[in-house]
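[1] Show me the folded form of this:
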Amino acid sequence: MPPFLNFFKNKKQESKQSKPAKETNKLSERIAARKGELGEYKIDIQLDQLPKDYRYLSDLLIANPKAKSGYSQVDHVVICPYGIFTIETKNYQGTIYGGKNRKTWSVNGKFKMMNPFIQNYGHIQALSSLVDQKAQDLFISMVVFHKTMHL
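    Here you go, the predicted structure:
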């Protein structure tokens, strides 16, 4: 059946045909990406409430030759009188298991994720290459966990 006709399938036909694993994985990745975007948006709403002398940027793509992709995607950067905060946002539901020196953490003992502090360290390295030497000691790493309703 041509893909555009899938829209017209009824529920009984859909349940008889199982989706290939590749399609299921793509769907899961899209849902995970969307949940991440929603989580970052929730933090943006909070950052909008900061005092006037604070500035923030969200969803930055910074060249980072040490990253696999060659870039670091920084969720949020807040510049204020106290320092330069880099904020890594995680949108997971459940219990997070990990330690500051562990390379990977897990959610509910099942799903593995990269240690967000190690991830944020890479972001700080990429950002520090863009600022004056004097400002390189002002970076503060933060990780925010929250949950968004299921999609």
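
[2] What is the neighbour count of Gln133?
    By other CB atoms under 10 Å, the residues close to Gln133 number 7. (C-beta placed from N, C-alpha, C; glycine too.)

[3] can you list the weak-confidence ranges in this structure?
    In the predicted model, the chain carries pLDDT under 70 at residues 1-39, 147-151.

[4] Would you map the strands across the protein?
    55-63, 71-80, 83-91, 96-97, 104-107, 111-114, 139-146 (DSSP state E).

[5] my guess is Gln125 meets Asn64, correct?
    Yes: between Gln125 and Asn64 a contact is recorded at 7.1 Å, counting by CB atoms under 8 Å.

[6] do you know how far the closest residue to Gly109 other than its chain neighbours is from Pro116?
    Spatially, and ignoring its direct neighbours in sequence, Gly109 is nearest to Tyr97 (6.2 Å; CB to CB, 6 or more residues apart in numbering). Tyr97 is 13 Å from Pro116, where distance means CB to CB, to the nearest Å.

[7] wait, doesn't Lys112 sit right on Ser106?
    Yes: the criterion here is CB under 8 Å, and Lys112 meets it with Ser106 at 5.3 Å.

[8] So what pairs up with the residue nearest to Gly109 in the strands?
    Counting by DSSP bridges, Tyr97 is bridged to Ser106.

[9] since we're on it, how many residues are nearby?
    So Tyr97, with other CB under 10 Å, has 14 neighbours.

[10] swap in the one 10 residues further on?
    Summarising burial for Val107: neighbours were counted as other CB under 10 Å, giving 17.

[11] Can you give me the distance of it to Asn101?
    19 Å.

[12] same deal with Gln49?
    34 Å.

[13] Ok, Phe85 next?
    When Phe85 is compared with Asn101 (using CB to CB), they lie 22 Å apart.

[14] How about the contacts made by Gln49?
    If a contact means CB atoms under 8 Å, 6 or more residues apart in numbering, then Gln49 has no contacts.
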